[in-house]
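K.L.:
Mind looking at a prediction? Sequence and model below.
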Amino acid sequence: MIRIEIRRPANAAKTTYTDNKLSKPFVRITKPQNSLAKRLIPVTTDRVMRRALGGLLCAYLCLSACTTKSASDSVHEGTTLSIDVGNVSDKRLQDITASIDTFYLETSDEHIIGSVDKVEKIGNKIYILDVYNAKSLFVYNGDTGRFMYNIGRYGNGPGEYRLPSDFAIHPISGNIFVLDDISNRLLQYDRSSGRFLSASSGLNNYIGDFIFTKDGNAIIYAYGNAHDGEYYLDVTDSEGQLIKELLPIPKHAKNMNIQPFAPLQSLPNDTIVFLPPFSNRIYQIYNDTIIQQRYFLDFGDHWPAPSYTENRDDVYTVSQELISYGYVIFVNYTETAELLHIYFTLMGKQYSYFYNKQTKQSVLIDNDLSHISEQVKGAFGSSFVYASYEEDGTALILFELDWEKI
């Protein structure tokens, strides 16, 4: 039996009910008629298009389940995960879920969320970034769903941004930094009030994502073209001054910018993880310097040899070939303290692979069976988070797996 709890903001009633059959899709993703949203699947935002081939990427996120496997560990190569796409379970996400919670966000004409591009829960606040529609960073009460305030706003003045593509909390000051993708600046705000504090000098590159280390430096991913075009990552201070470069770009991936939605992620133990574009290897970063392979995603014959893309620069053509030849493409991931979630496309179908890092269990599912058409937006503790766009506003869908059902 799956327990579903509906939590509404304001003084709305709180309803809990159960559904033994779940014969209908448990989440119906629809587009609110009065919102600015333009990127529900299969429509994509410019940011998604830029990261996954300028118009080609449409990653549905649904979740599915498959057989249990064990992973082999290697000192130098990390954990090898064998993802056998020929052995997909007929289970749906609903069949292996312990609980599904819907968290409604307060909506008004002054703060309409068109798309949830990134979401984090820090303390009792939820931070939601809408990159292309509202072009804003919203802050909500994590208990009630009430809107609290915006951090920064669209514009050209002090403390304003043109394209807020990412945000992160500084580990030492506790302030929040927003990356403006147009001016290539990091804007610093007081996290408790949203008050603007300062802006970095212009960064040198076309920045897409960044994350802070525990020492307060920033690791910046520049859409596969870091400081001199030879490395994936730049390490800078909080003012944007370059300190070092990390992880050389291999020859076969030089022009293959088929980008994940969130290439840089941080785990509770201060470990930073990174999935490069067009890659089946996830890396971990220690102390701004040491990079080790964390996971090798073994798709078998469904992953192309490196030589296939060497000296190729037409990403669109290559991606079309990969799809038609039966290769995995559009690999994305979300990692929590306990779980790793890999989602990818193969022959036009979307799949989700879950790996339990403690028990070494894994499960692969066909996303279409679960009727979800949105990417995972993040994780709250052990729960993965989707966004749902309904006529009466935006909601966050949280689900937690029950490994005894797999």
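P.N.:
On my side now, so go ahead.

K.L.:
I'd like the average pLDDT over the longest helix belonging to the chain.
P.N.:
In the chain, taking DSSP state H as the definition, the longest helix is helix 315-324. Helix 315-324 shows a mean pLDDT of 88.

K.L.:
same question, stretch 339-355
P.N.:
91.

K.L.:
what comes up buried for it?
P.N.:
By 16 or more other CB atoms under 10 Å, the buried positions in stretch 339-355 come out as 339-346, 350-355. Yep, even glycine has a C-beta here, placed from its N, CA and C like the rest.

K.L.:
what's the answer for stretch 323-337, then?
P.N.:
Applying 16+ other CB under 10 Å to stretch 323-337 flags 323, 327-336 as buried.

K.L.:
Check stretch 301-321 too.
P.N.:
302-304, 309, 315, 318-319, 321.

K.L.:
likewise stretch 255-269?
P.N.:
255-266.

K.L.:
Ends of that stretch, what's the gap?
P.N.:
Using CA to CA, to the nearest Å, one end of stretch 255-269 lies 33 Å from the other.

K.L.:
Next one: the residue sitting nearest the centre point of the chain from residue 193, what distance?
P.N.:
In the chain, the C-alpha closest to the average C-alpha coordinate belongs to residue 262, at a distance of 4.1 Å (CA atoms, centre = their mean). Distance, residue 262 to residue 193, by CB to CB, to the nearest Å: 27 Å.

K.L.:
Same check on residue 236?
P.N.:
For residue 236, the distance to residue 193 - CB to CB - is 26 Å.

K.L.:
which of the two has more neighbours?
P.N.:
The neighbour count for residue 236 versus residue 193, taken as other CB atoms under 10 Å, is higher for residue 236 (21 against 11).

K.L.:
Tell me if I'm right that the more buried one and residue 222 touch.
P.N.:
No: using CB atoms under 8 Å, residue 236 is not in contact with residue 222; the gap is 10.7 Å.

K.L.:
which neighbours do these two share?
P.N.:
Counting by CB atoms under 8 Å, 6 or more residues apart in numbering, residue 236 and residue 222 have no contacts in common.

K.L.:
Grab the nearest non-local neighbour of residue 176.
P.N.:
residue 191 (4.5 Å; CB to CB, 6 or more residues apart in numbering).

K.L.:
Who are the contact partners of the one you found?
P.N.:
Contacts of residue 191 (CB under 8 Å, 6+ apart): 151, 169, 174-176.

K.L.:
Most neighbours among those, please name it.
P.N.:
Neighbour-wise, these (other CB under 10 Å) top out at residue 151, 26 neighbours.

K.L.:
gap between it and residue 175?
P.N.:
10 Å.

K.L.:
for the nearest residue to residue 318 once chain neighbours are set aside, helix, strand, or coil?
P.N.:
Excluding its sequence neighbours, the residue lying closest to residue 318 (CB to CB, 6+ apart) is residue 312, at 5.3 Å. Three-state call for residue 312 (DSSP: H, G, I helix; E, B strand; the rest coil): coil.

K.L.:
Looks like residue 312 contacts residue 258 (just checking).
P.N.:
No: if you go by CB under 8 Å, residue 312 and residue 258 don't touch, sitting 11.8 Å apart.

K.L.:
Okay, and the beta partners of residue 293?
P.N.:
Beta-bridge pairing for residue 293 (DSSP bridges): residue 283.

K.L.:
got the contact list for it?
P.N.:
Neighbours of residue 293 in contact, by CB under 8 Å, 6+ apart: 76-78, 281-284.

K.L.:
and if you look at residue 165?
P.N.:
Shown in contact with residue 165 (CB under 8 Å, 6+ apart): 47, 131, 179-181, 207-209.

K.L.:
Poorly predicted segments of the protein, please.
P.N.:
Along the chain, segments meeting pLDDT under 70 span 1-76, 202-206, 223-228, 238-239, 371-374.

K.L.:
My guess is residue 242 contacts residue 222. True?
P.N.:
No: checked against CB under 8 Å, the pair residue 242 and residue 222 is beyond contact range at 11.1 Å.

K.L.:
Which of the two has more residues huddled nearby?
P.N.:
More crowded of residue 242 and residue 222, by other CB under 10 Å: residue 222, with 21 against 16.

K.L.:
If we ignore the residues flanking it in sequence, what's nearest residue 245?
P.N.:
Nearest one to residue 245, counting by CB to CB, 6+ apart, is residue 231 at 3.9 Å.

K.L.:
pretty sure the one you found is touching residue 254, no?
P.N.:
No: using CB under 8 Å, residue 231 is not in contact with residue 254, being 11.7 Å away.

K.L.:
Need the nearest residue in space to residue 270, chain neighbours excluded.
P.N.:
That would be residue 214: by CB to CB, 6+ apart, it lies 4.7 Å from residue 270.

K.L.:
Now do the closest residue to residue 310 other than its chain neighbours against residue 80, distance only.
P.N.:
The shortest distance from residue 310 to any residue other than its chain neighbours is 4.7 Å, reached at residue 252 (CB to CB, 6+ apart). Counting by CB to CB, the gap from residue 252 to residue 80 is 20 Å.

K.L.:
out of those two, which sits in the busier spot?
P.N.:
Legend: neighbour count by other CB under 10 Å for residue 252 and residue 80, higher for residue 252 (17 against 14).

K.L.:
So the more buried one lies in a strand, does it not?
P.N.:
No: Residue 252 is assigned helix when assessed by three-state DSSP, not a strand.
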